[in-house]
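[1] give me a 3D structure for the following:
(2 chains)
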Amino acid sequence: MSRIGVFVCHCGMNIEETVDTRLVAKTLKEYPGVVHAEDYDYMCSEIGQQKIREAIVEHNLDGVVVASCTPNMHQETFRNAAEEAGLNRYRLEVANIREQVSWVHSDRQVATEKAIRMARAAVEKVRGDDDLEPIAVEHETRCLVIGGGISGIQAAVDVANSGHEVILVEKDPSIGGHMAQLSVTFPTLDCAQCILTPRMVEASRHPNIELLTYSEVVKVAGFMGNYEVTIRKNPTYVDTDKCNLCDKCSEVCPVSVKEEFNEGLSERKAIYLPFEQAIPSSYVLDENACLGVKPIRCGLCQDVCDVGAIDYDMAPEMITQKVGAIIVATGYDLYDPSHLTEYGGGKYPDVVTSLQFERMVHPSGPMKGQLRRPSDGRPVKRIAFVHCAGSRDPGRHNPYCSRICCTYTAKQALLFKKGVPDGVGSVFYIDIRTDGKGYEEFAQGIISGKRIRYIRGKVAKVVDEGDHLTAWGADTLSGKRMEIDVDLVVLAMAMVPSEGTAELAKTLHINVDENGFLKEAHPKLRPVETTTAGVFIAGTAQGPKDIPDSVAQGSAAAAKAIAILAADKLSHSPEVAAVNEELCSGCGICATVCPYDAIKIERSGIAVVNDILCFGCGICAASCPAGAIEVKNERHMQIEEMIGVALGSEK
Amino acid sequence: MSNKKTLAFYAASGCGGCSQSLMLSPSLAAMLEGVDIAFWATQGADLTSDDISGFDDKGIDVLIYAGPLHDESSIDTAKLLRRKAKRIVSYGACAHLGGLCGLTNVYPGAQLRALSKTDGEGFVQPLSAVIDVDYILPGCPPPEAMVTRMVEELFLSDDVPEIGTVFASSKGVCAECGREHVRNPLTAIRRFHTDPPDPSVCLIDQGYICLGPVTRGGCEAVCLRSNRPCTGCAGPVAGVLDQGGAILHALASLVSFSGDGNEEKEHQVLDSIPDVVGTAYKYSAASSLLKKRVNDGK
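    Model prediction:
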């Protein structure tokens, strides 16, 4: 016969207001197998924990149920207390009577009955619990950072500074990300590159950082502390160490294509330098644009290369590395403007994206900072800035707010007025959301300066009138229809997850949210963690955000990773799946559905669980058609008993 | 009278496959050598209640009973036979599970009567629903390997098999199948007549419905070796109550494994399973949690 203690928490009034906790404790005391039951104000307090410890000793308890808040909050607190009193920590269970009872019900009588049943169900679970011991795991001390934008760079540098080696993988030929394209940053208006490039240099020179640009993570196996990652390093056909940046290759190259760094506003050659401050500082041969690395080679670039840096036979390289933690900071792309047909996005050359505008006003951009119409090169005197282009438009485009557009549009309008003092800038907005430190003051300064016209309303349509564009819209404050002629339309494009985010998420066994951004483990309390232990997320890959937030997340993810890398040994929960060899026929369904790749069908024809990979999610147990696999301390029998009493069956 | 065991065979109704499976078994000769045959009724009609009543109670050592229970008279006969036999082997899928005939339970009575042009209620039950059964030999018809095992354990061995013995594996057919696993989500249901499967790879991994995981082995996976799916004739594996439910929830798990979270698509895949009851409960409808359809669902 079991000897179970039950503790019912009031959580101040959080639970007590809706649940008669005294009645819950009193009723549970009569329940078979329960030898002690009491209620208390705050079970998580030191006094509350002491009550658990004392009862375990006094009543020689072999199991404890705490009916309180969600186990996510205090299960560890209570389990530690139980362990201190000599009870195996896995014999303590939490019945969640706050989030699942008091906070979601108002009828005290019904809520109390539900709390009683949930506490009884937890007693049934405890009754079937076995003593378990945590599993100790050795681990790697190196970290993989995927994505070399500002967030990834920050994470890499922070981890490297803690004395751990970092592999920084970037799919483009240079690190730097979108920040390298920006003109100035709001609200301080300091040059983006001036603050970014020192970080880029630091990352590239850091003795603990191995930089792998033009590379992609293609495979990830393993588990927290022990990942094996396969990285494909794509050939740049130029030896980074030999290239002396003389530009001769680019001069002779006969192929011109749109230049990514300038968002297609200029052209580059097939062999090119990504941008002046690129790191690694080397030319790159774009094999898709090149007339033919093989089989027919034009060979002009190799002929003029004095230092023999060009090697047409360079092959993709597969690199396998073992790492203990992974930080994903793969950033964002702009929503494809061609979705915005009403604005002529992607069709009218003078309807540009916000990033194109950044390049246009950049002093070393394709227009050397002199604003000209991409179509005919005429100076730009009139601009319509359109907020929420593809954002906050559920059903048609993206439902979410891209967060930074209001503030950068204010900045862009300001830069326009600075460059073209007699220019006319009109900003169409839904409402102004400037949520960062100093952003509101910055934007309001620009708005109240009245040198820019802010119009509350959406642009309905942009018409190309040949020598100018006409933006049709409405001013919802005056109720007037607007029709304004402009030289340029700047779309504050929505941020979307960067290309390949979904595939990478699959490779890493992490989730994406309904908009395709990487999903955090908890929106409030675990913002840079994922549901896969040892994999962290940072920056705009997780959702639209500004530079300081991206940097902060980079540092946060680094801190989380360091905690793993610096640990002596990792501890893994023993609440993992176990196979009943008598029943398992090796059908492989569990191995297929396991989200952690923790189950293999061994040669013996039986499923075998790798305990360290298993997170006890129970998908295998639920899908096994033969009932041959169960999670320890979550066995079918326990679950059936729990369901039984939850539904009101009497013991 | 010799001191040989008395053996009787009784097939209540059904297709005759059970009788054939015994007749064609290479172990038949060995079995017959050690027994006196009381009767061998390949059709229930071969034997009247009076005939059966003529035997002493417990006068038959081993009775092999095949076929489903489908009406009052078959139930009465089964009860009578229980009195006369010391040990009863529930032989074949119909006696074991209700068998194919059990699918009639899916039809409400009126509809069934119209279909079958009879006036029966059409409630099929397995033998064990009405009388205690000592041994079970599953299969439709029982595969040779299992028949041999029964003969060896029941007739050729000095030890008496434990009551409740199932002359089959407690594990699923997969244990005997030997096909290769490729980890694959279920994104579409494939069918044999339009799209022949790879004979070396697990059928479920290829998108075909196969009841191997939920069905008792012991058959040496004969169907799979002929590149056909297991249709579940040996009934649920040990520890599973509802064979059809078990395979359906496994398929549902495999569909959601595709991972893109598109529930509508997942439903489409599951909705495309042809004849769900006839596929998942082909032999076990009468012994499943489904019981009987009581109205026409309108």
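[2] can you give me the helices in chain B?
    B:17-23, B:28-33, B:49-53, B:72-84, B:92-97, B:109-116, B:144-150, B:174-177, B:203-206, B:222-225, B:243-256, B:263-271, B:276-280 (DSSP state H).
[3] which of the ones you listed comes out lowest on mean pLDDT?
    Comparing mean pLDDT across the helices of chain B, the weakest is helix B:109-116, with a mean of 72.
[4] before we move on, the earlier item: and the helices of chain B as CSV, adding mean neighbour count and distance to A:Thr236?
    Bear in mind the C-beta positions are built from the backbone N, C-alpha and C, glycine included. Shown next, in CSV, are these (neighbours: other Cβ atoms under 10 Å in any protein chain shown; distance: least, Cβ to Cβ, whole Å):
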stretch, mean neighbour count, distance to A:Thr236
helix B:17-23, 20, 70
helix B:28-33, 14, 76
helix B:49-53, 12, 90
helix B:72-84, 17, 81
helix B:92-97, 32, 66
helix B:109-116, 14, 72
helix B:144-150, 21, 62
helix B:174-177, 24, 49
helix B:203-206, 23, 40
helix B:222-225, 18, 51
helix B:243-256, 22, 42
helix B:263-271, 13, 40
helix B:276-280, 18, 55
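[5] for A:Arg372, which of these is the nearest?
    Proximity to A:Arg372, assessed across these by Cβ to Cβ, is greatest for helix B:263-271 (48.1 Å).
[6] what's in contact with the closest one?
    The contact list for helix B:263-271 (Cβ atoms under 8 Å, 6 or more residues apart in numbering or on different chains) reads B:Leu186, B:Thr187, B:Ala188, B:Ile189, B:Leu251, B:Ala252, B:Val255, B:Ser256, B:Ser258.
[7] wait, the fifth one sits on B:Leu186?
    Yes. The pair B:Leu251 and B:Leu186 qualifies as a contact (Cβ atoms under 8 Å) at a distance of 6.3 Å.
[8] hey, what's in contact with both of the two?
    With Cβ under 8 Å, 6+ apart, B:Leu251 and B:Leu186 have common neighbours B:Ile204.
[9] want to throw the helices of chain B into CSV with distance to A:Phe186?
    Formatted as CSV, the helices of chain B follow (distance: least, Cβ to Cβ, whole Å):
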stretch, distance to A:Phe186
helix B:17-23, 81
helix B:28-33, 91
helix B:49-53, 96
helix B:72-84, 85
helix B:92-97, 73
helix B:109-116, 73
helix B:144-150, 77
helix B:174-177, 61
helix B:203-206, 53
helix B:222-225, 66
helix B:243-256, 44
helix B:263-271, 41
helix B:276-280, 59
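[10] so for A:Asn580, which of these sits nearest?
    helix B:174-177 (13.1 Å).
[11] contact partners of the closest one?
    Helix B:174-177 has contacts (Cβ under 8 Å, 6+ apart) with A:585-588, A:605, B:169, B:202, B:212-213, B:217-221, B:224.
[12] ok, so of those residues, who is nearest A:Glu113?
    So of those, ranked by how close each gets to A:Glu113 (Cβ to Cβ), first place is B:Pro213, at 40.0 Å.
[13] now do the same contact list for A:Glu634.
    A:Glu634 neighbours (Cβ under 8 Å, 6+ apart): A:Lys125, A:Glu575, A:Gly616, A:Gly618, A:Ala621.
[14] same question, A:Leu273
    So A:Leu273 contacts A:Leu245, A:Asp247, A:Ser250, A:Ser281, A:Ser282, A:Tyr283, A:Val284 (Cβ under 8 Å, 6+ apart).
[15] residue numbers of the stretch 51-200 of chain B in contact with chain A?
    Residues of the stretch 51-200 of chain B lying close to chain A by Cβ under 8 Å from any Cβ of the partner chain are B:Ser170, B:Lys171, B:Gly172, B:Val173, B:Cys174, B:Ala175, B:His181, B:Arg183, B:Asn184, B:Pro185.
[16] surely A:Arg232 touches A:Thr320?
    No. Contact criterion Cβ under 8 Å: A:Arg232 and A:Thr320 do not qualify, at 10.6 Å.
[17] show me what contacts A:Glu133?
    A:Pro574.
[18] measure it to A:Lys632 for me?
    11 Å (Cβ to Cβ, to the nearest Å).
[19] find residues that contact each of those two.
    Residues touching both A:Glu133 and A:Lys632 by Cβ under 8 Å, 6+ apart: A:Pro574.
[20] point to the residue nearest the middle of chain A.
    In chain A, the centroid-proximal residue (Cα atoms, centre = their mean) is A:Gln542; its distance is 2.9 Å.
[21] again, but for chain B
    Nearest to the mean C-alpha position of chain B, by Cα atoms, centre = their mean, lies B:Ala93 at 2.4 Å.
[22] that one against B:Gln243, yeah?
    No. In this structure, B:Ala93 is not within contact of B:Gln243 by Cβ under 8 Å, at 11.0 Å.
[23] and for those two, which residues touch both?
    With Cβ under 8 Å, 6+ apart, B:Ala93 and B:Gln243 have common neighbours B:Gly235, B:Tyr283.
[24] give me the pLDDT value at the nearest residue to A:Thr236 once chain neighbours are set aside.
    For A:Thr236, ignoring the flanking residues on the chain, the nearest one in space by Cβ to Cβ, 6 or more residues apart in numbering or on different chains is A:Val284 at 4.4 Å. Turning to A:Val284, the model gives it a pLDDT of 95.
[25] any figure for the gap between B:Ser284 and chain A?
    As judged by Cβ to the nearest Cβ, to the nearest Å, B:Ser284 and chain A stand 13 Å apart.
[26] confirm A:Ala492 sits in a strand?
    Yes. Under DSSP: H, G, I helix; E, B strand; the rest coil, A:Ala492 falls within a strand.
[27] compute the distance between the residue lying closest to it once chain neighbours are set aside and chain B, please.
    Nearest non-adjacent residue to A:Ala492, counting by Cβ to Cβ, 6+ apart: A:Cys405, 3.8 Å away. Separation of A:Cys405 from chain B (Cβ to the nearest Cβ): 28 Å.
[28] return the residues in contact with A:Cys405.
    A:Ser354, A:His387, A:Cys388, A:Ala389, A:Ser391, A:Ala492, A:Met493, A:Ala494.
[29] got a ChimeraX select line for the buried ones in these?
    To isolate in ChimeraX the members of these that are buried, counting by 16 or more other Cβ atoms under 10 Å in any protein chain shown, one can use:
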select /A:354,387,388,389,391,492,493,494
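[30] how about the contacts of A:Cys405 in a markdown table, adding distance to B:Gly44 and pLDDT?
    Formatted as a markdown table, those follow (distance: Cβ to Cβ, whole Å; pLDDT from 0 to 100):
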| residue | distance to B:Gly44 | pLDDT |
| --- | --- | --- |
| A:Ser354 | 84 | 97 |
| A:His387 | 83 | 96 |
| A:Cys388 | 78 | 96 |
| A:Ala389 | 79 | 96 |
| A:Ser391 | 75 | 96 |
| A:Ala492 | 83 | 97 |
| A:Met493 | 79 | 97 |
| A:Ala494 | 75 | 97 |
